[in-house]
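Engineer: Sharing a model that was predicted from the sequence below.
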There are 2 protein chains.
Amino acid sequence: MSSTRILILGVLLDGPLHGYEVRRRLELMGTHHWANLAYGSIYHGLGKMADEGLLDRVEEGKGGKTVYGLTDIGRAEFMRGLLGHWWEIKPIVDPFQVALTFMDRLSQAELTSAMEARAAQLRFSVEMVTRAMGGKQAYGAPPHIDECLRLNILQLRAQLTWVEEAVGRVRKGELP
Amino acid sequence: MSSTRILILGVLLDGPLHGYEVRRRLELMGTHHWANLAYGSIYHGLGKMADEGLLDRVEEGKGGKTVYGLTDIGRAEFMRGLLGHWWEIKPIVDPFQVALTFMDRLSQAELTSAMEARAAQLRFSVEMVTRAMGGKQAYGAPPHIDECLRLNILQLRAQLTWVEEAVGRVRKGELP
DNA sequence: GACGACATATACAAATTTGAGTACAAACTT
DNA sequence: AAGTTTGTACTCAAATTTGTATATGTCGTC
């Protein structure tokens, strides 16, 4: 089961919604930080899953608006897919690894300036997310949402650690 | 420029290849660990980029075999795309964050067993990659390839740190 | 009460991805 | 030498993703 589907099914758990509302709930959850879900994909997913019986077209709308609700099959499939995501370690798709793979094709000057820029951006991101966490606490969001941010910060710091260490070695000529 | 394209152009930098050889070079580089590149996409990418002038069909083959080589435009586009990947921090697409977002939909028992399994798998992965690094050193691979692994290990450790800490809090009932 | 700015809500064509399917040659088995 | 596995090399239809285009309501303001 694709992440797209899990996300759509997940926001429908608490009641039927139409496409636009699904998109907004996902945005509230901050999915754009760690997923790449285009609007069009939501409508496609809703339609497809309705055809497959995971969803019901609860209310065919005046003006094209359609409200979708979970069926029992859909609820079961969500659980199956969710457990799958917990148990399987799937490779994280990281576009930066692509950059890294070809670092030897850049000049030392290009490399060090890109790396420094990257370090700065990462430090900025860490600070932003840290603040977001403080903010949400007060805002009444469930505590497990903070875990997403906490994990995010750890990952960003891991990247930062790498860049800071690597830029030093590039300067010394040990890399690439 | 998509990661798919960068990867294909990247392996063609050192000389023309046919589709199957591109796929093998990518596999040697370990792209399957951090990218999701289906075989079909390689052939599609090659054909499309040839139509767009980034590649040349160097040798139309007997038996459908076609060898592609970089054009000057392709080489320039590769550089442009590579720099883009260095300068832009794109969100890492992490399917586990999907799992995390809906952690409150699982029972404590489901959660703790999934988390423990995950911790074990992560520890195993860290060890595997660590060994792979030691092995490659002797094998004569360029030093910057190790950097991919080094970053990988840091990211895995970040995930492990999170799981180990979170499973404790789930047990204490602080989560979700 | 008309106008523009903005939010709501979806549709759609084009591009890309997916992975099973095909085909054929080389190496190995019995 | 006939059969079987393995490796090479690509094709293709189906599914999915992407991003832009479109349509419609709503709110203030002049």
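Structural biologist: Good, I have the coordinates.

Engineer: and the residue in chain A that DNA strand D sits nearest to, what element?
Structural biologist: Closest approach between chain A and DNA strand D, counting by CB to the nearest atom of the strand: A:Gly40, at 1.9 Å. C-beta here means a position set from N, CA and C on the backbone, and glycine is covered the same way. Assigned by DSSP states H and E, A:Gly40 belongs to helix A:39-52.

Engineer: Would you indicate which residues of that helix are buried?
Structural biologist: By neighbour count on 16 or more other CB atoms under 10 Å in any protein chain shown, the buried set for helix A:39-52 is A:Ser41, A:Ile42, A:Tyr43, A:Gly45, A:Leu46, A:Met49, A:Ala50.

Engineer: likewise stretch A:67-85?
Structural biologist: A:Val67, A:Tyr68, A:Leu70, A:Thr71, A:Gly74, A:Glu77, A:Phe78, A:Met79, A:Gly81, A:Leu82, A:His85.

Engineer: is the residue nearest to the second one when sequence neighbours are not counted in a bridge, and if so with what?
Structural biologist: Leaving aside its chain neighbours, A:Tyr68 sits nearest to A:Leu55 (4.6 Å; criterion: CB to CB, 6 or more residues apart in numbering or on different chains). Here A:Leu55 shows beta-bridge partners A:Leu70, assigned using DSSP bridges.

Engineer: interface residues of chain A facing DNA strand D?
Structural biologist: With CB under 7 Å from any atom of the strand as the criterion, chain A meets DNA strand D at residues A:Ser2, A:Thr4, A:Asn36, A:Leu37, A:Ala38, A:Tyr39, A:Gly40, A:Ser41, A:His44, A:Gly45, A:Lys48, A:Gly63.

Engineer: Return the closest of those residues with respect to B:Leu154.
Structural biologist: Of all the residues of chain A next to DNA strand D, B:Leu154 sits closest to A:Asn36, with 23.0 Å by CB to CB.

Engineer: Does that closest one touch B:Ile92 like I think?
Structural biologist: No - the criterion here is CB atoms under 8 Å, and A:Asn36 misses it with B:Ile92 at 10.0 Å.

Engineer: export stretch A:10-28 as CSV, just CAs?
Structural biologist: Presented in CSV, the C-alpha positions along stretch A:10-28 are these (Å, rounded to 0.1, in the frame of the first residue of the first chain):
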residue,chain,number,x,y,z
GLY,A,10,-5.9,8.1,7.6
VAL,A,11,-7.6,11.5,7.4
LEU,A,12,-10.9,9.8,6.6
LEU,A,13,-10.8,7.7,9.8
ASP,A,14,-12.7,10.3,11.8
GLY,A,15,-15.5,10.9,9.3
PRO,A,16,-16.3,11.5,5.6
LEU,A,17,-14.7,14.4,3.8
HIS,A,18,-14.5,15.8,0.3
GLY,A,19,-11.3,16.1,-1.6
TYR,A,20,-10.4,19.6,-0.8
GLU,A,21,-10.9,19.0,2.9
VAL,A,22,-8.6,16.0,2.7
ARG,A,23,-5.9,18.1,1.2
ARG,A,24,-6.3,20.7,4.0
ARG,A,25,-6.2,18.2,6.8
LEU,A,26,-3.0,16.7,5.3
GLU,A,27,-1.5,20.2,5.1
LEU,A,28,-2.4,20.8,8.8
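
Engineer: Tell me which other helices or strands the longest helix belonging to chain A touches.
Structural biologist: In chain A, taking DSSP state H as the definition, the longest helix is helix A:108-139. Helices and strands touching helix A:108-139, by 3 or more CB pairs under 8 Å, 6 or more residues apart in numbering or on different chains; DSSP states H and E, are helix A:143-171, helix B:72-87.

Engineer: Show me the residue at the heart of chain A, geometrically.
Structural biologist: Geometric centre of chain A, nearest residue: A:Trp34, 2.0 Å, by CA atoms, centre = their mean.

Engineer: Contact partners for that residue?
Structural biologist: Contact analysis of A:Trp34 by CB atoms under 8 Å, 6 or more residues apart in numbering or on different chains lists A:Cys148, A:Asn152, B:Pro91, B:Ile92, B:Val93, B:Asp94, B:Gln97.

Engineer: Take the residues you listed and keep only those in helices.
Structural biologist: A:Cys148, A:Asn152, B:Gln97.

Engineer: Can you pull the residues of chain A lying near DNA strand C?
Structural biologist: So chain A meets DNA strand C at A:18-21, A:23-24, A:39-40, A:43-44, A:61, A:64-66 (CB under 7 Å from any atom of the strand).
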